[in-house]
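J.: got a sequence here, can you model it:
(2 chains)
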Amino acid sequence: MTSRYNFQESETRWQAVWEQRQVFAAREDPSRPKYYVLEMFPYPSGRIHMGHVRNYTLGDVVARYKRARGYNVLHPMGWDAFGLPAENAARDSKIHPAKWTYDNIATMRGELKRMGLSLDWSRELATCHPGYYKHQQKLFLDFLKAGLVDRREAFVNWDPVDHTVLANEQVIDGKGWRSGAPVEKRKLAQWFLKITAFSDELLRALGQLDRWPDKVRTMQEHWIGRSEGAYVTWKVAGRDTAIEVFTTRPDTLFGASFLALSPHHPFTDELARKDAKLAAFVAECDRAGTSEAAIEAAEKIGYDTGLEVEHPLAPGRTVPLWVANFVLMEYGAGAIFGCPSGDQRDLDFARKYGLDVIPVVMPRDADAKTFRIGDTAYTDDGVLINSAFLDGLEVPSAKRKVIERLEALRGGRGTVQYRLRDWLVSRQRYWGCPIPVVHCDACGVVPVPDRDLPVLLPDDVSFEKPGNPLDHHPTWKHVDCPRCGKKARRETDTFDTFVDSSWYFARYCSPRADEPVTRGAADYWLPVDQYVGGVEHAILHLLYSRFFTRAMRITGHAKVDEPFAGLFTQGMVCHESYRAADGRWLYPEEIDRQADGGVVEKGTGEPVTVGRREVMSKSKKNVVAPSAIIDAYGADTARWFMLSDSPPERDLEWSAAGIDGAWRFINRVWRLIDENADRREGAGGAAGDGAAIDLRRATHGAIRDVTQHLERFKFNSAVARIRELSNAIEAFTAGGAAARAAWREAVEALVKLLGPMMPHLGEELWQVLGGKGLLCEQAWPEADPALLVADSVEIAVQVNGKLRATVTVPRDAAQADVENVALAQPAVQRATEGRRPRKVIYRANQVINVVA
RNA sequence: GCCCCUGUGGCGGAAUGGCAGACGCGGCAGACUCAAAAUCUGUUGCCCGCAAGGGCGUGGGAGUUCAAGUCUCCCCGGGGGCACCA
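T.: Numbers count the residues shown, from 1 in each chain, chains lettered A, B, ... in the order given. Take a look at the predicted model:
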């Protein structure tokens, strides 16, 4: 009769014990080293999905492991609770966003608790709670005082039907995702956080984030996009106006054949007022969306203003002034000079509109007299031609020289540009944190005084009308000016939800404090030692948090610069998709596998097309609900499977077979200990010999390797190593006192090693073994160095690099002895055909290579 | 187009330049069973061979090395990021 592990009973019981004894509640303790483990908090969409299970399992293994290593661990959880889906639910189902959100949180909290995570639930927070966003408003006002906030006009995606601003992702093919109306570029007053004030610092500090994936650092580096170049000033001929342009190729200045202004350049505005055709051209440019994709799709078009501008270094030379749709107002100076010979885009533009093409850089071995530009611009390094005092110079020295000359003549200056733009945080939405300012006709923009925080969202809102419900509210926005007392209006914009998630990690340090963070707590816990989450947040969330941390330092709320000292980005959870003949997607539980490997629809028996494995998504129904898996197999099985099959940074394929394998292993370990009651009474580590000493070596080898694998996030290898130890214990049949002691030592180690991964099974077995206290409070096992080296070693014997035999010799045997044994091997004799070796290379205790 | 990552049995994957395929999934054979499930044992990279043994093998091609999955160069496939950024 084989016994079975009763996971339902066990998991429920241990979760209650942990909660009752408050074992995961964190307290500041300066006498102990701290370790802050954090997983990206979830959006309360309704149910947890497998991506969450993977994310939180990884973090929990780290938290439990570090706790066992003696660290004072902080491991909190909360909810990224503001956002559009709640408003959509309100509109579609008439459920208030707050109710929808809090109901979802209650459901998901229950699901997370069933996973057995070692979380300090007493620190739980939700960003939609006034107790959280009050402090966000305070931070914003402090940033405002410190000059880190700006309100200015910006072009945004405006949906003329829904009367709202859309995020770039909500503009599809130039049309609003919901209304389908062509999106317009509109200039509106918007709130910005001045992240560009830290462009250089955010870029340079990436070098110190040595526990971040290179990939993420590179992505941020590109996103910030530092480029060196120069501003060059061009006088408009016959007018008292000058145009400044930015270029990274000042060396090509003599190849300029036109200047192009952005459609939104102030000088374009000025000209368009008197030029109806230009105004029409600008309007045409604005009809396209502002998203990168929309710009990319758009054809390059230009408009000749008829004006000429004077070349700053070639007296008497002028080039035509154009307005072009591809010139961005937000980057550089909002104007460029076009050098068609050195830039493909400029070349295409010049060919289209019949502008000059003057070669100014050519390959070193080319001839200046015959060098011509065809359909391809020359963008490589080389020497300057047709460029007056620059002729003959290489590109880098030409750049230096031309900048020197421009600066001397006051016609320009060298500069550094960043691609990074200020962070637009205004959203015309209800379910977000209100921006705490008041607009007064007399006083202008007035910050809400601290004593009046939080600015609460009104409960009684309607989602009937399109647009911002806060703006439609009959009374909410009408207030008296805090400064002069006259009638004034509240700001009705709310914050981008990325603001909420930019400082939650700091709030966890003192989640109920009546200030954003308590310095004592923040100084102790920050930075987060290990952050775990999806790579999809590589840029926005992580960059915003890095900015926020610096802004909080400047406003006195924190002392650290970087929020996350270590970052791990996990892969996604994938599954095959299934499709019926009529095109319907089918859930995995709606199909049957037949003996011949065919797949049919349950019930009908109709054949099903099996799609490739891809990220689980509701639209393709290739999802498996975590709750169903936990019901059927328990949390430990789900956790173990999440860790066992794939390295955590790669995508993981969910499979029923994999879950079965995990479930089988749990029961194997259970039986291993449950069915060996007679062996459990082992004494302390007696020396033993033979089989017993071999088992002890296996135990201590496993301790060393699992420890190393966990340190390096190689959880799948740690799993494999634990399985090996378990196999070794199963195979161990020796009797006697020493054998019992070795067995006892081995199973204790096994339980401790698997504890962070399968905490419920671990506690249960710890109890069966008669261990003191809770497993989650036990110290991590230490490997005994004396048991990590064997007396004899197996040496690979190669002839000319090919394996021919293996020999077992005493550890650290003399090379001559090993050589003799190796050469005597029949296989070696055959391979060398009796010849004397020309050379023998010996790597101690590992390999010997005979070169014949 | 540019940048980064990646390619290993039927599958997921392992391997500080030193015995490729650990560990698992799946398969095959067997034990237990009236039978099945569960469990257990053995076996399982490919090819030749009754066997002993031999040959071939980490996307393809070259190179460095006593020794290459690992390092270098070229090519091919897969994934991701950026993409009018002047």
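
J.: for residue A:259, helix, strand, or coil?
T.: Classification of residue A:259 using DSSP: H, G, I helix; E, B strand; the rest coil returns strand.

J.: is it in contact with residue A:337, as I believe?
T.: Yes - using Cβ atoms under 8 Å, residue A:259 makes contact with residue A:337 at a distance of 5.3 Å. Every residue, glycine included, has its C-beta placed from N, CA and C.

J.: so what sits against both of these two?
T.: Common neighbours of residue A:259 and residue A:337 (criterion: Cβ atoms under 8 Å, 6 or more residues apart in numbering): A:234, A:245, A:319.

J.: for the nearest residue to residue A:759 once chain neighbours are set aside, which residues are in contact?
T.: Nearest residue to residue A:759 in three dimensions, chain neighbours excluded: residue A:116, at 5.2 Å (Cβ to Cβ, 6 or more residues apart in numbering). Counting by Cβ under 8 Å, 6+ apart, residue A:116 touches A:11, A:14-15, A:18, A:60, A:635-636, A:639, A:759-760.

J.: give me the subset of the residues you listed lying in helices.
T.: Among the contacts of residue A:116, the members found in helices (DSSP state H) are A:11, A:14-15, A:18, A:60, A:635-636, A:639, A:759-760.

J.: distance of the nearest residue to residue A:476 once chain neighbours are set aside from RNA strand B?
T.: Once flanking residues are discounted, residue A:476 sits nearest to residue A:458: 4.5 Å by Cβ to Cβ, 6+ apart. To RNA strand B, residue A:458 is 36 Å away according to Cβ to the nearest atom of the strand, to the nearest Å.

J.: what sits against residue A:458?
T.: A:470, A:473, A:476.

J.: quick check, nearest of those residues to residue A:584?
T.: residue A:470 (41.3 Å; Cβ to Cβ).

J.: next, count neighbours for the closest one.
T.: 22 (other Cβ atoms under 10 Å).

J.: on the three-state scheme, the spatially closest residue to it that is not a sequence neighbour is what?
T.: In space, and not counting its chain neighbours, residue A:470 is closest to residue A:492: 4.2 Å by Cβ to Cβ, 6+ apart. Using three-state DSSP, the structure places residue A:492 in coil.

J.: I figured residue A:492 hits residue A:478, correct?
T.: No - taking contacts as Cβ under 8 Å, residue A:492 lies outside contact range of residue A:478: 11.0 Å.

J.: what residues does the stretch 101-250 of chain A have near RNA strand B?
T.: Within the stretch 101-250 of chain A, the residues that sit near RNA strand B (Cβ under 7 Å from any atom of the strand) are A:214-215, A:218-219, A:222-223, A:225, A:227, A:229, A:246-249.

J.: quick one: which of the residues you listed sit in helices?
T.: Judged by DSSP H, helices contain the following of these: A:214-215, A:218-219, A:222-223.

J.: closest one of those to residue A:431?
T.: The closest of those, once distances to residue A:431 are taken by Cβ to Cβ, is residue A:223, at 27.8 Å.

J.: show me what contacts the closest one?
T.: So residue A:223 contacts A:419-420, A:539, A:543 (Cβ under 8 Å, 6+ apart).

J.: and RNA strand B, which of those residues contact it?
T.: Applying Cβ under 7 Å from any atom of the strand to the contacts of residue A:223, those adjacent to RNA strand B are A:419, A:539.

J.: the contacts of residue A:223 in helices, which ones?
T.: Using DSSP H, those in helices are residue A:543.

J.: any quick PyMOL command for the buried ones out of the contacts of residue A:223?
T.: The buried residues among the contacts of residue A:223 can be selected in PyMOL (16 or more other Cβ atoms under 10 Å) with this line:
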select buried, chain A and resi 420+543
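
J.: on that earlier part again, and the ones in helices among the contacts of residue A:116, which two are furthest apart?
T.: Using Cβ to Cβ, these span at most 15.0 Å, a distance reached by A:18 and A:639.

J.: between the two, which has more neighbouring residues?
T.: Per other Cβ under 10 Å, whichever of residue A:18 and residue A:639 has more neighbours is residue A:639, with 28 against 21.

J.: any weak-confidence spans in the stretch 551-700 of chain A?
T.: A:594-598, A:677-678, A:680-689 (pLDDT under 70).

J.: tell me the contacts of residue A:192?
T.: Residue A:192 touches A:149-152, A:154, A:422-425, counting by Cβ under 8 Å, 6+ apart.

J.: now the strands for the stretch 251-400 of chain A?
T.: A:258-261, A:302-310, A:318-324, A:335-338, A:361-362, A:383-384 (DSSP state E, counting those that start in this stretch).

J.: quick one: those strands as JSON lines, columns for mean pLDDT too.
T.: What follows is these, written out as JSON lines (pLDDT from 0 to 100):
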{"stretch": "strand A:258-261", "mean pLDDT": "95"}
{"stretch": "strand A:302-310", "mean pLDDT": "94"}
{"stretch": "strand A:318-324", "mean pLDDT": "95"}
{"stretch": "strand A:335-338", "mean pLDDT": "94"}
{"stretch": "strand A:361-362", "mean pLDDT": "91"}
{"stretch": "strand A:383-384", "mean pLDDT": "92"}
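
J.: make JSON lines from those strands and add mean neighbour count and distance to RNA strand B to it.
T.: Shown next, in JSON lines, are these (neighbours: other Cβ atoms under 10 Å; distance: least, Cβ to the nearest atom of the strand, whole Å):
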{"stretch": "strand A:258-261", "mean neighbour count": "26", "distance to RNA strand B": "8"}
{"stretch": "strand A:302-310", "mean neighbour count": "19", "distance to RNA strand B": "11"}
{"stretch": "strand A:318-324", "mean neighbour count": "22", "distance to RNA strand B": "8"}
{"stretch": "strand A:335-338", "mean neighbour count": "26", "distance to RNA strand B": "4"}
{"stretch": "strand A:361-362", "mean neighbour count": "25", "distance to RNA strand B": "14"}
{"stretch": "strand A:383-384", "mean neighbour count": "22", "distance to RNA strand B": "16"}
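
J.: nearest to residue A:158, of these?
T.: Residue A:158 sits nearest to strand A:318-324 of all the strands of the stretch 251-400 of chain A, at 21.9 Å, using Cβ to Cβ.

J.: surely residue A:364 is in contact with residue A:383?
T.: Yes - contact criterion Cβ under 8 Å: residue A:364 and residue A:383 qualify, at 5.7 Å.

J.: and the stretch 451-600 of chain A, which residues reach RNA strand B?
T.: Counting by Cβ under 7 Å from any atom of the strand, the stretch 451-600 of chain A sits next to RNA strand B at A:535-536, A:539.

J.: go through stretch A:825-836 and flag the buried ones.
T.: Neighbour counts over stretch A:825-836 (16+ other Cβ under 10 Å) mark A:825, A:828, A:831-832 as buried.

J.: and that stretch, how far out from the chain middle?
T.: When distances are taken as Cα atoms, centre = their mean, to the nearest Å, stretch A:825-836 is centred 57 Å away from the chain's centroid.

J.: rewinding a little: tell me the pLDDT of the residue nearest to residue A:470.
T.: On the pLDDT scale, residue A:492 is placed at 95.

J.: which residues touch it?
T.: Residue A:492 touches A:428, A:468, A:470-471, A:477, counting by Cβ under 8 Å, 6+ apart.

J.: what's the closest of those to RNA strand B?
T.: Within the contacts of residue A:492, proximity to RNA strand B (Cβ to the nearest atom of the strand) peaks at residue A:428, which comes in at 23.1 Å.
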